[in-house]
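Enquirer: Sequence plus the predicted model coming up.
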Amino acid sequence: MFDTIILLTGAVEQTALSAALRRHRPGLAMIGAATFDELAAIGREQLARARLIAFATAVIVPRAILDALGYGGYNFHPGPPEYPGWLPGHFARYDRAANFGVTAHVMTPKVDAGPIVAVRRFATPPGDLMALEQEAFGELARLFWDLAPVLATSAEPLPVLPLTWGPKKSTRRDCLDLCQVPPTVAIDDLDRRIAAFGGGYIGVLPEIRIGEHVFRYVQPNDGQRTTT
């Protein structure tokens, strides 16, 4: 019997999302997990009665857990179908995408590859990467609110949309490669790399290596481009 939802997300998000689900089914049992170890500690009997919902998490759920779920798993991805994979907002900013979005999809062992059940799209906001990330997170929350009634109350799978994922799935390696700027880079490409990765949100910054010297981009307080 479907009576449990497992929320795979941060602790703050668990509180808000649990409240949204219980508005539609007050007696619903909730299990929160923020890490893979916390998810892996959930017993098989609980998994058999549960639906898993992952929300803006980097945790990869293995096939063994997905197969043990009695009522499937759904992931809320902070990017549109055109941007599967890691840090979709960074790559959209690098591409200077005019539009962005967020996606809910069936979880499968292959990341960001399952059937798509819902999408919200919006025009890319002006400003830096943080403005895009904040807009995307807000839209992702609204998408969750839209689907909360059926996620909380129906044991049936959500209907899927006739949409497909983009052909290129971004990885951490792709981010690191774009931060290694060749000395011959065109100014336009340099601007795009800085717009996507100049904030240092992934722990590295765009840099150029010339011989034994490394020139690393730093965003100063006045917003003017500089290097160290």
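Expert: Received, thanks.
Enquirer: Now for the residue nearest to residue 91 when sequence neighbours are not counted, how many residues are close by?
Expert: Distances taken as C-beta to C-beta, 6 or more residues apart in numbering place residue 170 nearest to residue 91, at 5.1 Å, with adjacent residues excluded. Quick note: C-beta positions are derived from backbone N, CA and C, even for glycine. Residue neighbour count, defined by other C-beta atoms under 10 Å, stands at 21 for residue 170.
Enquirer: Residue 170 against residue 84, yeah?
Expert: Yes: counting by C-beta atoms under 8 Å, residue 170 touches residue 84, with 7.3 Å between them.
Enquirer: quick one on the thing from earlier: show me what the residue nearest to residue 91 is bridged to.
Expert: Residue 170 has these beta-bridge partners by DSSP bridges: residue 85.
Enquirer: in the chain, what spans have low per-residue confidence?
Expert: Across the chain, the ranges flagged by pLDDT under 70 are 220-228.
Enquirer: Got phi/psi on residue 99?
Expert: Backbone torsions of residue 99, given as degrees, to the nearest 10, read phi -130, psi 150.
Enquirer: now do residue 133
Expert: Torsion angles at residue 133 (phi, psi; degrees, to the nearest 10) stand at phi -60, psi -40.
Enquirer: domains of this structure?
Expert: As assigned by automatic domain parsing, the chain contains the domains 4-153, 172-227.
Enquirer: what residues does stretch 200-215 touch?
Expert: The contact list for stretch 200-215 (C-beta atoms under 8 Å, 6 or more residues apart in numbering) reads 87, 90, 129, 172, 175-176, 178-183, 185, 190, 193-194, 197-198, 216-219, 227-228.
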